[in-house]
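Enquirer: My questions are about this predicted structure, shown below with the sequence.
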Amino acid sequence: MSIKKIGKRLLQIVIVLIGISFFTFMLTYLSPGDPVTSMYAATGMMPSEAVLEQTREELGLNNPFLVQYGNWLWGCLHGDFGTSYSLHKPVLDLLSMRLLPTLKLSLLSLVIMLAVAVPFGMLSAVYRGKPIDYLVRFFTFFGVSMPNFWVGLLLLYVVALKWKLVPVVSSGQGFNKIILPAVTLAFAMAAKYTRQVRTAVLEELGQDYVIGARARGEKESVILWRHVFPNALLPLVTMLGLSLGSLLGGTAVVEVIFSYPGLGNLAVTSITAMDYPMVQGYVLWIALIYMVINLLVDISYNYLDPRIREKR
Amino acid sequence: MQKKSNVFVKNKMFTILLILAVCIGLVAVFAPFIATHDPAAAVLTDALKAPSGDHWFGTDKLGRDLFSRVIYGTRVSVSASLILVACIFLVGSILGILAGYFGGWVDAVIMRIADMMIAFPGMVLAIAVAGILGPSITNAVIAITLVSWTKYARLARSLVLKMKNCDYVEAARVTGSTTIHILVKYMFPNVTPTLIITAATDIGSMMLELAGLSFLGFGARPPMAEWGLMLSEGRAYMQNAPWMMVFPGLAILIVVVIFNLLGDSLRDVLDPRDE
């Protein structure tokens, strides 16, 4: 990818960020709820209308919409994403505190998913039409149709409550805490990826170079691992990048089930508490991370696949 | 011969699935006749009863009959998902047709917004929108529509671009058809088949997203009988009343499996090239 192309993508990222932030800001502005009332309600106080009005004035909520948005954007550009209404700490600190747990969770679930999807996908492709292929396809079908929050609940019930292998609620950050949510997230993804691996391997197995290799008398295992495998994995790289991005934002449901202290959990509580600076900061950061990951994937793709490099 | 029997088998599969889907629809329509109890009637003395002859799926924390609630849940979940898919379909295809047909700045504006939506994890925005608009099933539908229409718009746009310079469209224009007439009578019918196939395969995953939002508390509100919401209620009573989370989840699984299979086989029947 040329420098010019990368620059163009970076510009696009900036435009999307501005658009997305404007959109969420407008939503919070139009939203029927009153953040100040809910802020005081959370502390158990019932302040007078004068106090409410004063707080609104202090928070700048009485300014015209564009002024509010402009102030916020100006702050963001200077690294100040505002202060959380409900937790009374800078949004940036709260977000960065939660980022690492979510990142760990996402990466672990990707590893588990690959450990399942790649072997089974290849098995299913190599033994196409055999019983094992049907079995794998049957399971992948159920995998994509199961609601992931239900999988999470069942796992929690069986593994934590019945077998007592891990604590139901633990305050720690260890393996016990992370394994169930990671397996839950990996579950539906594994089904999707197994299908992808199967399709990709099947496609590669039908290529001429496979016939050529067979004609040269190479062993089936060598053909599979040395020739087919690297080619089949290439399209997966893009998908993995996309998955990592959506995992960072899409772990909310699973984090809530397992009371996991991640970004998604924070987002859900902030939205419920009408903590708008938090929500705006969250949306902006997730968008930024997601797009940067996608850009990195596209750049890495260039190095992984020489054909693309030559074409440009 | 081989091929002929193959098509036959596929269509048989489709017929069976269609009958199953119709059955789900009938369950929703005739819920009052199937349910054994009033789904909203709370009998606190019967709270958290295990499945039995009287309460087939047990009862929940308020002593409401779970079987009846699951049956009534079909109404909410299935109709909301179908409405959602219809909304996405309409919004996406209309915007896509406009972008493709008019081109220029209309195209630029619509497609840049679409790019923006694609460059962003959908569920995050859906949660934010549903949360900010306030929890209700209507707002959940609006939220998911807002983030999901882009796929349909891109598809519709590419189809329109392909045919807008066809001779028969040119002829319609020359003979003085109004633009609206061309859009409605020529463009829309031509993009629908492809989009309907996409929509059919999407029903299952849309159902999962809706249930997910309800589970988080951004969709259906209590005391509504909705499967995602029922699962989230069951979560708190997992230890004492596991049936509260087993049966609604099973209901979601069955319905999603049937709609997913139906979508796949509809695609196979209508679009045999795609094998």
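Expert: Here it is on my side, so go on.
Enquirer: Would you mind measuring from the closest residue to residue B:197 other than its chain neighbours to residue B:198?
Expert: The spatially closest residue to residue B:197, leaving aside those adjacent along the chain, is residue B:267, at 4.9 Å (C-beta to C-beta, 6 or more residues apart in numbering or on different chains). To be clear about C-beta, it is placed using only N, CA and C from the backbone, and glycine gets the same treatment. Distance from residue B:267 to residue B:198, counting by C-beta to C-beta, to the nearest Å: 9 Å.
Enquirer: for residue A:267, same thing?
Expert: The span separating residue A:267 from residue B:198 equals 29 Å under the rule C-beta to C-beta.
Enquirer: Check residue A:35 too.
Expert: Spatial separation of residue A:35 from residue B:198 under the definition C-beta to C-beta is 39 Å.
Enquirer: Run through chain A and note the low-pLDDT ranges.
Expert: Scanning chain A for pLDDT under 70 picks out the ranges A:1, A:33, A:42, A:44-45, A:168-174, A:249-250, A:308-312.
Enquirer: Of all the residues in it, which one is nearest chain B?
Expert: Scanning chain A for the residue nearest chain B gives residue A:271, at 3.2 Å (criterion: C-beta to the nearest C-beta).
Enquirer: Count residues in the vicinity of that residue, would you?
Expert: Around residue A:271 there are 25 other residues, counting by other C-beta atoms under 10 Å in any protein chain shown.
Enquirer: quick check, distance from the host helix or strand of it to the centre of its chain.
Expert: Here residue A:271 is covered by helix A:263-272, with elements defined by DSSP states H and E. The gap between the average C-alpha position of helix A:263-272 and the chain average comes to 15 Å, counting by C-alpha atoms, centre = their mean, to the nearest Å.
Enquirer: Repeat that for stretch B:178-194.
Expert: Relative to where its chain is centred, stretch B:178-194 has its mean C-alpha point 24 Å off (C-alpha atoms, centre = their mean).
Enquirer: and that stretch, what's its mean pLDDT?
Expert: The predicted model gives stretch B:178-194 an average pLDDT of 88.
Enquirer: At which residues are the helices of the stretch 151-300 of chain A located?
Expert: Using DSSP state H, counting those that start in this stretch, the helices found in the stretch 151-300 of chain A span residues A:175-205, A:208-215, A:220-222, A:229-250, A:252-257, A:263-272, A:276-304.
Enquirer: Quick one: check stretch B:125-142 for contact with chain A.
Expert: Yes. Using C-beta under 8 Å from any C-beta of the partner chain, we find that stretch B:125-142 touches chain A at B:125, B:127-129, B:131-134.
Enquirer: Need phi/psi at residue A:218.
Expert: Residue A:218 has phi and psi values of phi -70, psi 150 when expressed as degrees, to the nearest 10.
Enquirer: Give me the distance between it and residue A:209.
Expert: Going from residue A:218 to residue A:209 by C-beta to C-beta gives 11 Å.
Enquirer: ok, the two, which is more surrounded?
Expert: Here residue A:218 and residue A:209 are set side by side on neighbour count (other C-beta under 10 Å), and the busier one is residue A:218, at 15 against 12.
Enquirer: Relative to chain A, which residue of the stretch 1-150 of chain B is the closest?
Expert: The minimum distance from the stretch 1-150 of chain B to chain A, using C-beta to the nearest C-beta, falls at residue B:131 (3.2 Å).
Enquirer: isn't the residue of chain A closest to chain B right up against residue B:127?
Expert: Yes. Taking C-beta atoms under 8 Å as the contact criterion, residue A:271 and residue B:127 are neighbours in contact, 6.6 Å apart.
Enquirer: rewinding a little: quick check on the residue of the stretch 1-150 of chain B closest to chain A: phi, psi?
Expert: Backbone torsions of residue B:131, given as degrees, to the nearest 10, read phi -70, psi -40.
Enquirer: Without its sequence neighbours, what residue ends up closest to it?
Expert: Leaving out its chain neighbours, residue B:131 is closest to residue A:271 (C-beta to C-beta, 6+ apart), at 3.2 Å.
Enquirer: ok, and for the lengthiest helix in chain A, which residues are buried?
Expert: Among the elements of chain A assigned as helix by DSSP state H, the one spanning the most residues is helix A:91-126. For helix A:91-126, burial by neighbour count (16 or more other C-beta atoms under 10 Å in any protein chain shown) applies to A:91-92, A:94-95, A:98-99, A:101-103, A:105-106, A:108-110, A:112-114, A:116-118, A:120-126.
Enquirer: do stretch B:28-35 as well
Expert: B:28, B:31, B:35.
Enquirer: same thing with stretch B:196-214?
Expert: B:196-214.
Enquirer: same check, this time on stretch A:215-224
Expert: Within stretch A:215-224, judged by 16+ other C-beta under 10 Å, the buried ones are A:223-224.
Enquirer: Show residues contacting it.
Expert: A:122, A:126, A:210, A:213-214 (C-beta atoms under 8 Å, 6 or more residues apart in numbering or on different chains).
Enquirer: same thing but 6 Å
Expert: Applying C-beta atoms under 6 Å, 6 or more residues apart in numbering or on different chains, the contact partners of stretch A:215-224 are residue A:213.
Enquirer: Just the buried ones from the residues of stretch B:125-142 next to chain A?
Expert: Using 16+ other C-beta under 10 Å as the threshold, B:125, B:127-129, B:131-133 are the buried ones among the residues of stretch B:125-142 next to chain A.
Enquirer: Grab the nearest non-local neighbour of the residue nearest the centre of chain A.
Expert: Nearest residue to the geometric centre of chain A (C-alpha atoms, centre = their mean): residue A:247, 1.8 Å. Using C-beta to C-beta, 6+ apart and skipping the chain neighbours, the partner closest in space to residue A:247 is residue A:106 (3.9 Å).
Enquirer: Give me the distance between the one you found and residue B:117.
Expert: Per C-beta to C-beta, residue A:106 is found 22 Å from residue B:117.
Enquirer: Touching, residue B:152 and residue B:90? I think so.
Expert: No. With contact taken as C-beta atoms under 6 Å, residue B:152 and residue B:90 are classed as non-touching, separated by 8.8 Å.
Enquirer: With neighbour numbers in mind, choose between those two.
Expert: Neighbour count, other C-beta under 10 Å: between residue B:152 and residue B:90, residue B:152 has more, with 26 against 14.
Enquirer: Next, the contact list for that one, please.
Expert: Shown in contact with residue B:152 (C-beta under 6 Å, 6+ apart): B:92-93, B:195.
Enquirer: Could you do residue A:188 as well?
Expert: Residues in contact with residue A:188 (C-beta under 6 Å, 6+ apart) are A:143, A:148.
Enquirer: Can you report how many residues lie near the closest residue to residue A:52 other than its chain neighbours?
Expert: For residue A:52, the nearest residue in space outside its immediate sequence neighbours is residue A:36; the separation is 5.4 Å by C-beta to C-beta, 6+ apart. Residue neighbour count, defined by other C-beta under 10 Å, stands at 20 for residue A:36.
Enquirer: Residue A:36 against residue A:54, yeah?
Expert: No. Using C-beta under 6 Å, residue A:36 is not in contact with residue A:54, being 9.6 Å away.
Enquirer: quick one: buried residues of stretch A:73-83?
Expert: Along stretch A:73-83, these residues count as buried under the neighbour rule (16+ other C-beta under 10 Å): A:73, A:76, A:81-83.
Enquirer: Need the residues that contact the strand or helix carrying residue A:70.
Expert: In this structure, residue A:70 is located in helix A:65-77 according to DSSP H and E. Contacts of helix A:65-77 with the rest of the structure, by C-beta under 6 Å, 6+ apart, involve A:25, A:29, A:60.
Enquirer: what about 8 Å?
Expert: A:18, A:21-22, A:25-26, A:29, A:60-61, A:63, A:81-82, A:277, A:280, A:284.
Enquirer: Let's see the PyMOL selection covering just the buried ones among these.
Expert: Once 16+ other C-beta under 10 Å is used to decide burial, the buried members of the contacts of helix A:65-77 can be selected in PyMOL as follows:
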select buried, chain A and resi 21+25+81+82+277+280+284
